[in-house]
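Chemist: Here is my input, please return the structure:
(2 chains)
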Number of protein chains: 2
Amino acid sequence: MEIFGIPGLPEIVPGTDLAAVIFDAAAAAGRPLASGDILVVTSKIVSKAEGRVVDLATVDVSPFARQYAERWEKDPAVVELVLREARRVVRQVGPVLITETRHGFVCANSGVDQSSSGGHGRAVLLPEDPDASARRIRGGLRERGIDVAVIISDTFGRPWREGQTDVAIGIAGMHPITSYIGQVDPHGHEFRVQALCTADEIAGAAELVKGNLSRVPAAVVRGLPWERDDQATMQLIIRESERDLFR
Amino acid sequence: MEIFGIPGLPEIVPGTDLAAVIFDAAAAAGRPLASGDILVVTSKIVSKAEGRVVDLATVDVSPFARQYAERWEKDPAVVELVLREARRVVRQVGPVLITETRHGFVCANSGVDQSSSGGHGRAVLLPEDPDASARRIRGGLRERGIDVAVIISDTFGRPWREGQTDVAIGIAGMHPITSYIGQVDPHGHEFRVQALCTADEIAGAAELVKGNLSRVPAAVVRGLPWERDDQATMQLIIRESERDLFR
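Modeler: Numbering: from 1, shown residues only, chains lettered A, B, ... in the order given. Predicted coordinates for the structure are as follows:
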């Protein structure tokens, strides 16, 4: 299995056709995309292409957001956006705000990003429907004759362990979970490991070559077989509230 | 960056010199280990080599373990081992038992594994000191003239998301966290992402080629630069209780 970044993408603006620019950049770099590849795209460029960048000066700030922002020296407009993107606040301790986004992701600040947002005074929101974003990119590549699975990734923290990791927030074309349920080892025991979230492991692996500073927002995983699933969505990864011991 | 499994390892028994058998198997497979590689080893074979396999018939079961095991149809001796390996029970809901191990890892069943344990009636415990295990393997490879970072991996679940992923539980030779703290993007903003747990992303990436059924318990990540740190331990990854919102 091999993983490489796709360098040379142009500046992404609202309306950029990501399938087109990624396809072209990979070809220009001498490593054209091929059927069977898994393409991992950083959510930030998806958000930019979809116009999910907000001018903070235009945000009407609620009293709750203003009070919290003042107490912890945060930007009131950013706090307001974090709350609007949230379905629920999971933890609010000091300056840390862990929310459940409208998509169902549990992460810091609803995934709202004030860095690299294309200028001061702006914030980038997560894509409205990252599965749909992944399907659009996959569809665009199919029109160019290649059958590629697509993962949209973002960088999330997790409990218990320091450091963030990249995980999947949108998926198209591949089943994200590898199940071992019902399979037994040579001694007849069922496997302790029942299901692996392959999509998250792929997103994390791609981060290793993309990096967060190197400005390579797309990477290709080649040589890893994947299970085709045109119905796959993130709902397969998001744990239902009722089954969750930490929500 | 390229990732490949090391096939052809012999059956691991107490006392097996893992550095030696991994070094030899990689060479025999035509892909010898080289300085600069990152070697990822599944904890199970480390446990087996270190004799961390328990005959369940020899385990004295406490009343608490017995009662819980009966209620949820678990093996009483396994429940007893799970409790002994734990420093603290983090969640106990129905048959699910999430513990903090003596190492500080938060995971299901203290990492005790009844599958693939080399026969019925046995269970495999996590290595006593996985950092020391990693250092021993790294040292053994150094004696063979190569400078390789070593990660011991295990498969853990996580809150909020379905499917498990492989993460690091022991490390030697490389700094496990890539920090962006204080660095700014081209617009002068600090990065939202402050630190990435590279070691966990590498462990997950290696799982993709090792698999859980394919019986390839070691993999090599080649072509990824890593920050040398001979003092690195898992304490850099384990979040302190006081800073943890979900413990």
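Chemist: C-alpha only now, for contacts and for neighbours.
Modeler: Noted.
Chemist: in chain A, which helix or strand is least confident?
Modeler: Using mean pLDDT, DSSP states H and E, strand A:178-179 stands out as the lowest-scoring helix or strand of chain A, at a mean of 90.
Chemist: touching chain B at all, the helix or strand A:Arg135 falls within?
Modeler: In this assignment (DSSP states H and E), A:Arg135 forms part of helix A:130-143. No. Counting by CA under 8 Å from any CA of the partner chain, chain B has no neighbours in helix A:130-143; the shortest distance is 15.9 Å.
Chemist: CA-only coordinates of that helix, as CSV, when you get a sec.
Modeler: The C-alpha atoms that make up helix A:130-143 are tabulated as CSV, following Å, rounded to 0.1, in the frame of the first residue of the first chain:
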residue,chain,number,x,y,z
PRO,A,130,-20.0,15.9,3.6
ASP,A,131,-21.3,12.6,2.2
ALA,A,132,-22.9,14.6,-0.6
SER,A,133,-19.6,16.4,-1.1
ALA,A,134,-17.8,13.1,-1.3
ARG,A,135,-20.3,11.8,-3.8
ARG,A,136,-20.0,14.8,-6.0
ILE,A,137,-16.2,14.4,-6.2
ARG,A,138,-16.5,10.7,-6.8
GLY,A,139,-19.1,11.5,-9.5
GLY,A,140,-16.8,14.0,-11.2
LEU,A,141,-14.0,11.5,-11.3
ARG,A,142,-16.3,8.9,-12.7
GLU,A,143,-17.1,11.2,-15.5
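Chemist: contact partners of that helix?
Modeler: For helix A:130-143, contacts defined as CA atoms under 8 Å, 6 or more residues apart in numbering or on different chains pick out A:18-20, A:23, A:46, A:127, A:147-152, A:169-173, A:233-234.
Chemist: list the helices and strands the strand ranked longest in chain A packs on?
Modeler: In chain A, taking DSSP state E as the definition, the longest strand is strand A:165-174. The contact analysis (3 or more CA pairs under 8 Å, 6 or more residues apart in numbering or on different chains; DSSP states H and E) places strand A:165-174 against helix A:130-143, strand A:149-156, helix A:198-210, strand A:228-229, helix B:198-210.
Chemist: gap between that strand and the chain center?
Modeler: Computed by CA atoms, centre = their mean, to the nearest Å, the chain-centroid distance of strand A:165-174 equals 6 Å.
Chemist: quick one: it to strand A:149-156, angle?
Modeler: 160 degrees (axes from the mean of the first three to the mean of the last three CA atoms, to 10 degrees).
Chemist: can I get the CA coordinates of strand A:165-174 in PDB?
Modeler: C-alpha atoms of strand A:165-174 as PDB (Å, rounded to 0.1, in the frame of the first residue of the first chain):
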ATOM      1  CA  THR A 165      -6.100  12.600  14.600                       C
ATOM      2  CA  ASP A 166      -7.700  12.900  11.100                       C
ATOM      3  CA  VAL A 167     -11.000  11.000  10.800                       C
ATOM      4  CA  ALA A 168     -13.600  10.600   8.100                       C
ATOM      5  CA  ILE A 169     -16.500  13.100   8.000                       C
ATOM      6  CA  GLY A 170     -17.800  12.200   4.600                       C
ATOM      7  CA  ILE A 171     -17.600   9.100   2.400                       C
ATOM      8  CA  ALA A 172     -18.600   7.900  -1.000                       C
ATOM      9  CA  GLY A 173     -18.300   4.600  -2.800                       C
ATOM     10  CA  MET A 174     -16.700   2.400  -0.100                       C
END
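Chemist: does any part of stretch A:77-94 sit near chain B?
Modeler: Yes. Using CA under 8 Å from any CA, stretch A:77-94 reaches chain B at A:91, A:93.
Chemist: can you give me the offset of that stretch from its chain's centre?
Modeler: Here stretch A:77-94 is found 18 Å from its chain centre; the criterion is CA atoms, centre = their mean.
Chemist: now what about it, what contacts it?
Modeler: In contact with stretch A:77-94 (CA under 8 Å, 6+ apart) are residues A:56-57, A:59-62, A:65-66, A:68-69, A:72, A:97-102, A:104, A:106, A:109-112, A:114, A:123, A:247, B:245.
Chemist: And the helices and strands packed on strand A:165-174: which comes nearest A:Asp37?
Modeler: Closest approach to A:Asp37 among the helices and strands packed on strand A:165-174 is made by strand A:149-156 (6.6 Å; CA to CA).
Chemist: on contacts alone, who are the packing partners of that closest one?
Modeler: By 3+ CA pairs under 8 Å, 6+ apart, strand A:149-156 packs against strand A:38-42, helix A:43-49, helix A:130-143, strand A:165-174, helix A:198-210.
Chemist: so for the longest one, what's the average pLDDT?
Modeler: When the per-residue pLDDT values of helix A:130-143 are averaged, the result is 98.
Chemist: Could you list the buried residues of that helix?
Modeler: For helix A:130-143, a neighbour-count test (16 or more other CA atoms under 10 Å in any protein chain shown) marks A:130-131, A:133-141 as buried.
Chemist: and the residue nearest the centre of chain A, what does it touch?
Modeler: By CA atoms, centre = their mean, chain A has its centre lying nearest to A:Ser153, at 2.7 Å. Counting by CA under 8 Å, 6+ apart, A:Ser153 makes contact with A:40-43, A:166-170, A:203.
Chemist: at 10 Å instead, please
Modeler: A:40-44, A:46, A:130, A:165-171, A:199-200, A:202-204, A:206-207, A:217-218 (CA atoms under 10 Å, 6 or more residues apart in numbering or on different chains).
Chemist: can you list the domain ranges for chain A.
Modeler: Per automatic domain parsing, the structural domains of chain A span A:1-52+A:127-247, A:53-125.
Chemist: can you list the weak-confidence ranges in chain A?
Modeler: Scanning chain A for pLDDT under 70 picks out the ranges A:116-119, A:184-193, A:212-214.
Chemist: A:Asp147 touches A:Trp226, doesn't it?
Modeler: No. With contact defined as CA atoms under 10 Å, A:Asp147 does not reach A:Trp226; the gap is 11.7 Å.
Chemist: what touches both of these two?
Modeler: With CA under 10 Å, 6+ apart as the test, A:Asp147 and A:Trp226 both reach A:36-38, A:173.
Chemist: Among those, which one has the most neighbours?
Modeler: The residue in the shared contacts of A:Asp147 and A:Trp226 with the most neighbours, by other CA atoms under 10 Å in any protein chain shown, is A:Ile38 (30 neighbours).
Chemist: Verify the stated contact: A:Ser241 with B:Glu162.
Modeler: No. Using CA under 10 Å as the test, A:Ser241 is too far from B:Glu162 to be in contact (11.4 Å).
Chemist: Looking at these two, which one has more neighbours?
Modeler: Per other CA under 10 Å, whichever of A:Ser241 and B:Glu162 has more neighbours is B:Glu162, with 21 against 11.
Chemist: Please name the residues that touch the residue nearest to that one when sequence neighbours are not counted.
Modeler: Excluding the flanking residues, the one nearest B:Glu162 by CA to CA, 6 or more residues apart in numbering or on different chains is A:Ile237, at 4.8 Å. For A:Ile237, the contacting residues are A:104-105, A:168-170, A:176-177, A:197, A:199-200, B:160-163, by CA under 10 Å, 6+ apart.
Chemist: Apply 8 Å and report the result again.
Modeler: By CA under 8 Å, 6+ apart, the residues touching A:Ile237 are A:176-177, A:197, B:161-163.
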